[in-house]
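K.L.:
Okay, here's the prediction I keep looking at, along with the sequence it came from:
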Amino acid sequence: MKNWRNHLGLIVPLLVVTGLAIWPALTDSVSNRENAFTILKAIALASSLNILLGYTGYVSFGHIVFFGFGGYVGLYFLNEQGWSIWTSLLIAGISSGILAYLLGKAILRLRGAYFALATIGINEAVKAFINNFDLFGGPIGMTLNFKVYKEYGGAAEALSMAFYIMAGLALAAIVLSYLIRVSKFGLGLLAIRENEDAAEVMGVVAPDAKTWAYVLSAIIPGMVGVLFFFKNGNVEPHGAFPLHASIELLVMVMLGGQGTVLGPILGAFAYQGMRGYLVTSDFFKDIQLSVSGVILLIIVLFIPAGAVGWLRNRFAPLRRVLP
Amino acid sequence: MTPLLQVEGVTKRFGGLQALTSVTFDLPEGQILGLIGPNGAGKTTLFNCINGVYTPEVGRVLFHGEDVTGSKTYAMAKRGLARTHQIVQPLEELTVRENVIAGACFGRENHSLGSAGEIASEVMEFVGLEKRADQLAASLNVAQKKRLEMARALAARPYLLLLDEVLAGLNPSEIAGMVEIVKKIRDRGITIIMIEHVMKAVMNVSDRMVVLDYGQQIAEGTPEEIANNPQVIEAYLGDPNLAKKLMGEDE
């Protein structure tokens, strides 16, 4: 009887995403689908970032690099090599994971602000590299050949399919985040977040655990990148590695509650909802990023645990229910 | 039989400061070794050289007869060494239970979350923290945090336990409780090195003692020998009659 309650922390997020996935079909509205796509994308990215930021305590200001890199790799195989969307997604996820593994070996020995700075540097370095990499189209990027859509029954069908795959990725990101949170591996990450030196003394092999956390936080963003640019129809360096998108992800995770499964989902929802209002408002449309900055400041100063963290601290029984 | 721990000529410098000069001792299995000396004598540095926080410039550390000099701290934990910290280092935003489970999970026996949970319950009861199990570690007071450090170290089921001033800052009744715990741990067959300033307690529980002063090992012996050693009295104990008092109060 009480069994399902123990998994409430997984069930609620899954219901939220499933609701989002069927909402456009129920209302039969393309504009709702666009909104839901943006929110699902934000959920997938924020939940992934949370593995590194919330569980492990390493602030990455350049997490969007995996989105851009995976997107480029996937689109290259999709467009230039004629691979299917599925194998392109797979190769993009693997490529982002490998990139994270190599980067992790190099920069995860840095702590605090130094790590955060390094992640910004990496984002810019990868952007500069792609900008000069002819195979990926250099500064012009790549434009999707319309033949690719035909394989999936035309543009309309392909875009609808992209939406459902995105919903699948968001679900996968949540399940991954939950499984890590309740596992022994996750406990090791939390120990590193709380006190890395003490964790090592207790026997947590921090260098390995951190590297795997980084890899796991990079795979789904790589796949999300492919879908996004598949739907977009083209990819170019500035659109693939926008630094402000990394910061928006940080705001989402911090807003909802870092280190919790539900937090990033809530944060993604709230942030995208707010952003939707701001960019259409006459007064805010040019300064919506400043508003994000102010929100980040307010969270860090007054509710560093975020919405879900705040609730957990106020109502102790929620700790069990919302991992 | 090889002693559990052999420290051979361990020397550690920090810039111009000679923190440890050729410290040498053996520790047979099942004993309690008391490590005493004035503040800044190098006691915690010696712990850090044993458990891998620092690598000594000269000398070797052997654990179970194997050279472990310069091993990583997590490698030492897997080999069966656990420690507490002088300045407590709880995982603050985790509950007491999660802290102790982490100790069992990543220590020598590498338990799964399930079996670590059982060990955690047992260890929390052993140190008297079972009522605090679901509290955040940050909410404990100092005495409870010291117990938590102890519980976390014990949950790892170590062969060797390094206790760094577990009695400091405790009131007399808390000290008595903690000394009982230390004795019970020894009775379980766990070898202990304890750094302590509470003389009466450390003299009471130690089988042997090592005295450090300015990084030099100035004496080694039984508590009686240490209490009557003129050099130790001069460097640390101060009052020659204190030794008699300390030993006299044992009975």
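P.N.:
Great, that's in hand.

K.L.:
Could you use CA atoms for every contact and neighbour count after this?
P.N.:
Noted.

K.L.:
tell me, how many neighbours does residue A:257 end up with?
P.N.:
Look at residue A:257: counted by other CA atoms under 10 Å in any protein chain shown, it has 29 neighbours.

K.L.:
Does it touch residue A:270 like I think?
P.N.:
No: taking CA atoms under 8 Å as the definition, residue A:257 is not a contact partner of residue A:270, at 11.9 Å.

K.L.:
ok, and the closest residue to residue A:191 other than its chain neighbours, which helix or strand is that part of?
P.N.:
Among residues not flanking residue A:191 along the chain, residue A:199 sits closest, at 5.4 Å (CA to CA, 6 or more residues apart in numbering or on different chains). For residue A:199, the host element (DSSP states H and E) is helix A:196-202.

K.L.:
Could you point out which residue ranges in the chain have low pLDDT?
P.N.:
Went with chain A since none was named. Along chain A, the model assigns pLDDT under 70 to residues A:1-5, A:320.

K.L.:
Wait, chain B was what I had in mind.
P.N.:
B:240, B:242-251.

K.L.:
got the residue ranges for the helices in the stretch 151-251 of chain B?
P.N.:
B:172-187, B:199-205, B:223-227, B:230-232, B:240-248 (DSSP state H, counting those that start in this stretch).

K.L.:
Just the buried positions in the shortest one, please.
P.N.:
Meaning helix B:230-232. By neighbour count on 16 or more other CA atoms under 10 Å in any protein chain shown, the buried set for helix B:230-232 is B:231, B:232.

K.L.:
quick one: contacts of it?
P.N.:
Contact partners of helix B:230-232, identified using CA atoms under 8 Å, 6 or more residues apart in numbering or on different chains, comprise B:211, B:218, B:219, B:226.

K.L.:
Next up, phi/psi of residue B:35, please.
P.N.:
Main-chain dihedrals, residue B:35, degrees, to the nearest 10: phi -120, psi 110.

K.L.:
now the one 10 residues further on
P.N.:
Dihedral angles phi and psi of residue B:45 (degrees, to the nearest 10) take the values phi -60, psi -40.

K.L.:
now swap in residue B:67 and tell me
P.N.:
Residue torsions, per degrees, to the nearest 10, at residue B:67 are phi -70, psi 120.

K.L.:
Neighbours of residue 107, how many?
P.N.:
As the question left the chain open, I've gone with chain A. For residue A:107, the neighbour count with other CA under 10 Å is 16.

K.L.:
that's the wrong chain, I wanted chain B
P.N.:
Counted by other CA under 10 Å, the residues lying close to residue B:107 total 30.

K.L.:
Then residue A:246?
P.N.:
Applying other CA under 10 Å, we find 22 residues neighbouring residue A:246.

K.L.:
Residue A:62 is in contact with that one, correct?
P.N.:
Yes: between residue A:246 and residue A:62 there is a contact under CA under 8 Å: 5.5 Å.

K.L.:
Just list the residues touching residue B:219, thanks.
P.N.:
Contact partners of residue B:219, counting by CA under 8 Å, 6+ apart, are B:210, B:211, B:212, B:226, B:229, B:231, B:232.

K.L.:
any idea how far residue B:144 is from it?
P.N.:
According to CA to CA, to the nearest Å, residue B:219 and residue B:144 sit 33 Å apart.
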